[in-house]
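> pasted the sequence and its predicted model underneath.
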Amino acid sequence: MDAPAPKSSNRYLFALALLILIIGGLAWLTQQMPNWRTRIPKPGPEAAKEKAPVVCRFPVTRAVWHPEWKNYAREYEKGQHGHYDFPFENPSDQEGEIGLFQVNCACSSILATLTPAASWDRWTELRKTEPAVDLPAEAASWVGLIREEDTSKTPSAAQPTQTSLTLPPRCKGVIRLTWDGKGSPGEFQRLLPRLWAQPKGNTKERLFLELEVIARIAGPVQFHPHRIELGDIGVGDSAVGNTIYVWSATRKDPKIEFTDIPPLFQVSKRALDAKEIKALQERILEEEKYTSDILFAWALTPKVFERREVDGKIHLHDLGPFSHPIGVTVDDEPLDNGPHVTGVVRSDIVIGEERDRGRVDLGTFDPARGSGRKVILWSDAKAKLTYERHDPTELNIKLTHLDKESTDRRNKWLLEVSVPPDALVGPFPEKSAVYLRLQGTPTRLIRVPVVGTAKHTGR
């Protein structure tokens, strides 16, 4: 006997209708009732802190070094002392206090002082046109601020130290951030000291304030560009390079001398005028992406000779690629990063393939395994080559004349360069080269640069 289908069907329809009614009711209740997911804040410590009187206010919290260059970072030499003064005031009628919470660099410290209102007003007015001018010494009585947890440490500052400075109502003062230049030339320092301020003795209403100073580490003099290419120099020729600019952003009148200038190398210089200095600043900003406050500048013009007579003696340049460093001393101190002048003195000797560019390129290799390269040289049939010397001494060098593969028009040579395992690490020095002697009248040296990088690889 068949089941009564209509009755079963009605039961399912009733259940579905009931479910829809329940969902609709819940939706209506949700819209009519307050949102229970929204947390209604209750008065508490944070709310009270918002109503706490402001007992310390800084008109400027980020160092401004120049009235026009808003993103300029003043340049300091490595190890050179620097500082920036931040004015502050207590705008309230309540006594407050300020202290140090932390610094982000151990190279920095905080000094604080209260200042007579008249002196503070004159100084802050002056800073509208000279934003980095220091607070006059007669208006300051500095104390060092240290963290509350550092009271047991031996003070390192010349000034007395304390954990806070009391701020009388309506007082004015200055925070001085001091530092020593850390890092290498070209690097930026970002200093972010964090201070706290509160009504006197009321830690529950303590607020935190962050200051910011950005400085750039620079050498005593800087160069742009740092390297120029003279191209090819033929027999009896000379080549004049593009201008190399040398300037200082840290010394107004340094004593600059060029040293170790070989007889075949010449450097002329002239001072830049104000218009040229401005153009140089714009060029540095466009090409190097930073602004330099140039205190003085020269334009250098290098010249290299293939041969030159000096004091009655003929000097001949080595054949092949060259890289001449320009030795520089500043205030009698030698620099280790002077500019380089590169080029090629042409010869009839063919070294390797065109892609070798007259060099022996060992590429990047594992120093534990060492590396080696064989390069073919071609010379005139009458030319005779002999090994002279090489640098660095860790290289192994072998020069072989390939008699059977030479012709009555050309001589073929095999130059083998290898690095033993664990002999070198890192990029090869720029002076790395093999020197071959070309016999003749007069004899000439051929410089064959050796390039490569011994770099440990992950295992």
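Sure, I can see it.
> measure the residue most central in space within the chain to residue 226 for me?
When CA atoms, centre = their mean is applied to the chain, the residue found nearest the centroid is residue 187 (2.7 Å). Using CB to CB, to the nearest Å, residue 187 is found at 16 Å from residue 226. Where you see a C-beta, it was placed from the backbone N, CA and C, and this is true even at glycine.
> go on, residue 180?
On the measure of CB to CB, residue 180 and residue 226 end up 26 Å apart.
> can you tell me the SS state at residue 414?
Secondary structure, DSSP: H, G, I helix; E, B strand; the rest coil: residue 414 is strand.
> nearest residue to it other than its sequence neighbours?
Excluding the flanking residues, the one nearest residue 414 by CB to CB, 6 or more residues apart in numbering is residue 400, at 4.5 Å.
> tell me the strands beside the helix or strand containing that neighbour, with direction?
Assessed by DSSP states H and E, residue 400 sits inside strand 396-401. Applying DSSP bridges, strand 396-401 is found paired with strand 410-419 (antiparallel).
> what's the following helix or strand after the strand it pairs with?
Following strand 410-419 toward the C-terminus (DSSP H and E): strand 426-427.
> got the contact list for residue 218?
75, 76, 77, 185, 186, 249, 250, 292 (CB atoms under 8 Å, 6 or more residues apart in numbering).
> for burial, what's the neighbour tally of residue 205?
19 (other CB atoms under 10 Å).
> dihedrals phi and psi, it?
Backbone geometry at residue 205, expressed as degrees, to the nearest 10, gives phi -110, psi 20.
> need the pLDDT of it.
With respect to pLDDT, residue 205 scores 94.
> and if you look at residue 19?
For residue 19, pLDDT reads 66.
> wait, residue 119 sits on residue 139?
Yes: using CB atoms under 8 Å, residue 119 is in contact with residue 139, at 3.9 Å.
> would you map the strands across the stretch 1-150 of the chain?
Assigned by DSSP state E, counting those that start in this stretch, the stretch 1-150 of the chain shows strands spanning 74-76, 81-89, 96-102, 108-115, 143-145.
> out of those strands, which gets nearest to residue 404?
strand 74-76 (62.9 Å; CB to CB).
> distance from the chain centre to that closest one, please.
Here the centre of strand 74-76 is set off from its chain's centre by 12 Å, with CA atoms, centre = their mean, to the nearest Å.
> with stretch 82-94 instead?
That offset, for stretch 82-94, works out to 32 Å (CA atoms, centre = their mean).
> stretch 194-206 now?
For stretch 194-206 - counting by CA atoms, centre = their mean - the centre lies 37 Å from the chain centre.
> tell me which residues are up against it.
45, 48-49, 52-53, 55-56, 94-103, 110, 145, 166-167, 175, 207-211.
> show me what contacts the nearest residue to residue 402 once chain neighbours are set aside?
Leaving out its chain neighbours, the residue that sits closest to residue 402 by CB to CB, 6+ apart is residue 412, at 4.4 Å. By CB under 8 Å, 6+ apart, the contact set of residue 412 is 376, 377, 378, 401, 402, 405, 406.
> list the buried residues in stretch 367-386.
Buried residues in stretch 367-386, counting neighbours by 16 or more other CB atoms under 10 Å, are found at 367, 370, 371, 373, 375, 377, 378, 379, 383, 385.
> my bad, should have said stretch 206-224
207, 209, 211-224.
> ok, now stretch 241-258?
241, 243-251, 254, 256, 258.
> for stretch 410-418, same thing?
411, 412, 413, 415, 417.
> same thing with stretch 446-459?
Applying 16+ other CB under 10 Å to stretch 446-459 flags 446, 447, 448, 449, 450, 452, 454 as buried.
> contacting residues around the first one?
What that stands for is residue 446. 318, 319, 320, 347, 349, 385, 435, 436, 437, 438.
> show only the entries of these found in strands.
In this view, the contacts of residue 446 that belong to strands under DSSP state E are 320, 385, 435, 436, 437, 438.
> what about the second one, distance to residue 434?
The reference is to residue 385. Distance from residue 385 to residue 434, by CB to CB: 11 Å.
> returning to that earlier point: can you pick out the most distant pair from the buried residues of stretch 206-224?
207 and 223 (46.7 Å).
> hmm, back to that, tell me the one of the buried residues of stretch 410-418 nearest residue 356?
residue 415 (10.9 Å).
> how close does that closest one get to residue 352?
9 Å.
> same check, this time on residue 445
Distance from residue 445 to residue 352, by CB to CB: 18 Å.
> with neighbour numbers in mind, choose between the two.
Using other CB under 10 Å as the criterion, residue 445 and residue 352 rank with residue 352 on top: 19 against 16.
> on that earlier part again, next step: the buried residues of stretch 206-224 restricted to strands.
Using DSSP E, the buried residues of stretch 206-224 in strands are 207, 209, 213, 214, 215, 216, 217, 222, 223, 224.
> let's have the residues you listed in JSON lines, adding distance to residue 305.
Below are these laid out as JSON lines (distance: CB to CB, whole Å):
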{"residue": "207", "distance to residue 305": "69"}
{"residue": "209", "distance to residue 305": "63"}
{"residue": "213", "distance to residue 305": "49"}
{"residue": "214", "distance to residue 305": "45"}
{"residue": "215", "distance to residue 305": "43"}
{"residue": "216", "distance to residue 305": "38"}
{"residue": "217", "distance to residue 305": "37"}
{"residue": "222", "distance to residue 305": "28"}
{"residue": "223", "distance to residue 305": "23"}
{"residue": "224", "distance to residue 305": "25"}
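> which of those sits closest to residue 298?
Using CB to CB, these come closest to residue 298 at residue 223, 10.2 Å.
> now the closest one, which residues is it bridged with?
When bridges are called by DSSP bridges, residue 223 pairs up with residue 246.
> verify the stated contact: it with residue 341.
No: contact criterion CB under 8 Å: residue 223 and residue 341 do not qualify, at 11.5 Å.
> one step back: out of the buried residues of stretch 367-386, which are inside strands?
371, 373, 375, 377, 378, 379, 385.
> can I assume the second one is in contact with residue 417?
Yes: contact between residue 373 and residue 417 holds when scored by CB under 8 Å: they sit 5.4 Å apart.
> what do those two both touch?
360, 362.
> contacting residues for residue 176?
83, 84, 85, 86, 110, 111, 112, 113, 135, 142.
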